[in-house]
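K.L.:
my questions concern the predicted model and sequence given below.
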Amino acid sequence: MSLKTVAERFGMVPRRKGRGVILWFARHAEFKPVAKAISELGARNPRVNFYLVSDDPEFLRAGNLPSGIHEVYGCPISLRPLLTLFFMRTRPQAVLIGGSEGGAALLTTAKRQGIPIHLVGDKEDDFVQSLQVSMLDETRKYSQGVGRLLRMPGIRALSERCFREISDLNALADELGRPRRILCLGNGPSSESDKVKTLEASEFDAVFRVNHRWLHRGLFTRPDMVFTAGSKPVRLVGASSLFCAQDRQRAERIRLACLHLTGVRRLVVAQEIRVLGDWEALQDEGFGGFAPTNGAVMLAVARALKPSHITVAGVDLFSDPRGAYPGDEQTPNAYGIFHNFEKERAFTLKWIQGLREDGTDLRIIGEALKEATLDNDLSLLPP
């Protein structure tokens with residue numbers, strides 16, 4: 001048995017970006033009847049990591065990995081700390097139990113952590129549909145304990161010392177110097193196009209960026225505002241940028257993870273400064289309860305600030321044939337489980353129409369965004 005295999009048996013599986021689903025089957029024969037359905041579910045959700053776990057060595061053989069399933073592992077030893085480590089590294093949204101035996105320790109750990117458990121039944125559609133619902137449950141990303149911790153007097157005082165929260169849109173505009181020309185840079189391939197490389201920071205009063213993958217790539221690395229759902233950009237980008245989280249849950253998670261940082265960070269919560277009205281209105285139009293991407297939040301904030309001009313690049317709606325991100329050939333060119341192409345496209349159309357109504361000049365850099373949002377409505381094209 002290789003060292004890598006031993007490490008995996010002890011719960012030290014490779015950590016992958018995104019949420020996970022753990023699949024337990026005692027024997028390969030019990031997996032075969034449902035393999036097609038699970039494989040199709042994985043193919044429809046390429047940004048979700050499906051971990052197939054079993055004691056059966058037939059699962060572990062090279063070439064036996066079903067399409068859409070990312071990893072196959074031997075079962076970690078059924079000791080609580082090791083299984084806890086396994087769950088920490090896979091970050092499951094749900095656990096699927098198949099087969100007639102085994103998996104008891106895995107089941108106990110899932111119950112203890114409040115992770116939804118699904119049993120493979122007689123009807124294939126039943127467990128697939130219920131598993132899909134659990135995968136879409138965004139509340140599984142955030143622990144209710146985070147809010148309770150931040151309400152403890154000592155931690156609350158430390159958080160208030162580390163973060164100064166911007167309470168309304170007018171205060172945000174003041175913090176940014178009431179910008180008239182804003183550059184919004186997503187992370188898609190067009191964010192590093194030749195046209196972007198010829199832009200100068202001096203052409204804009206404010207530069208907005210998403211997350212942090214651009215930090216070491218040499219373009220616009222000192223943004224005025226960074227849009228994120230996690231703490232890593234806050235730790236890496238530095239205190240000179242203002243940070244924006246979509247909602248209070250995400251903001252609290254960022255606060256708790258960054259209590260050790262020195263200096264004061266500025267933080268704003270998009271929902272609480274009321275800039276996501278167009279997105280929320282789509283709910284009533286049948287687009288479902290998907291969350292906006294950080295890129296959509298960025299566009300909403302930029303418009304709300306009422307600038308005279310906005311330039312957008314790198315917002316490629318995961319539709320650029322060059323891939324998801326510049327220099328990244330591994331990340332699937334698709335939205336994560338909590339986001340949706342049709343809703344992002346509909347929001348962007350509303351956003352562009354709103355800019356026209358506001359009298360805001362718009363420049364789009366990136367053919368994917370133009371094709372996705374403008375080809376059926378040429379009246380929205382910038383002059």
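P.N.:
Alright, I've got the coordinates. Model, not experiment: these values are computed from the prediction.
K.L.:
could you use CA atoms for every contact and neighbour count after this?
P.N.:
Noted.
K.L.:
now the residue nearest to Ala35 when sequence neighbours are not counted: how far from Lys36?
P.N.:
Distances taken as C-alpha to C-alpha, 6 or more residues apart in numbering put Pro66 closest to Ala35, at 7.2 Å, once the chain neighbours are dropped. Using C-alpha to C-alpha, to the nearest Å, we find Pro66 at a distance of 8 Å from Lys36.
K.L.:
so which of those two has more stuff around it?
P.N.:
The neighbour comparison of Pro66 against Lys36 (other C-alpha atoms under 10 Å) goes to Pro66, with 17 against 14.
K.L.:
tell me which element the more buried one is part of?
P.N.:
Element membership of Pro66, judged by DSSP states H and E, is empty: it is in no helix or strand.
K.L.:
so what's it scoring on pLDDT?
P.N.:
At Pro66, the model reports a pLDDT of 71.
K.L.:
equivalent analysis for Tyr325, please.
P.N.:
Reading off the model, Tyr325 has pLDDT 93.
K.L.:
and it, bridged to which residues?
P.N.:
Beta bridges link Tyr325 to Asp328 when assigned by DSSP bridges.
K.L.:
quick one: contacts for it?
P.N.:
The contact partners of Tyr325, by C-alpha atoms under 8 Å, 6 or more residues apart in numbering, come to Asn187, Gly188, Pro189, Thr331.
K.L.:
so where's this protein shaky on pLDDT?
P.N.:
1, 60-65, 99-102, 121-125, 138-148, 150-151, 154, 374-383 (pLDDT under 70).
K.L.:
at 80 instead, please
P.N.:
1-10, 14-18, 55-78, 99-103, 121-127, 136-161, 283-289, 373-383 (pLDDT under 80).
K.L.:
now the residue positioned nearest the centre of it: closest residue in space, sequence neighbours ignored.
P.N.:
For the chain, the residue whose C-alpha lies nearest the mean C-alpha position (C-alpha atoms, centre = their mean) is Gly336; its distance is 6.1 Å. Nearest residue to Gly336 in three dimensions, chain neighbours excluded: Arg47, at 5.1 Å (C-alpha to C-alpha, 6+ apart).
K.L.:
how much space between that neighbour and Leu83?
P.N.:
Taking C-alpha to C-alpha as the criterion, Arg47 is separated from Leu83 by 23 Å.
K.L.:
cool, Phe10 as well?
P.N.:
Summarising the geometry, the distance separating Phe10 from Leu83, computed by C-alpha to C-alpha, is 8 Å.
K.L.:
cool, and Asp284?
P.N.:
Distance from Asp284 to Leu83, counting by C-alpha to C-alpha: 42 Å.
K.L.:
the more surrounded of these two?
P.N.:
Set side by side, Asp284 and Leu83 show unequal neighbour counts under other C-alpha under 10 Å, the larger going to Leu83 at 23 against 10.
K.L.:
so that one is in which element?
P.N.:
With the criterion set as DSSP H and E, the secondary-structure element containing Leu83 is helix 80-90.
K.L.:
direction included, what does the very next helix or strand once past that helix pair against?
P.N.:
Going down the chain from helix 80-90, the next helix or strand is strand 92-98, by DSSP H and E. On the basis of DSSP bridges, the sheet neighbours of strand 92-98 come out as strand 20-25 (parallel), strand 117-119 (parallel).
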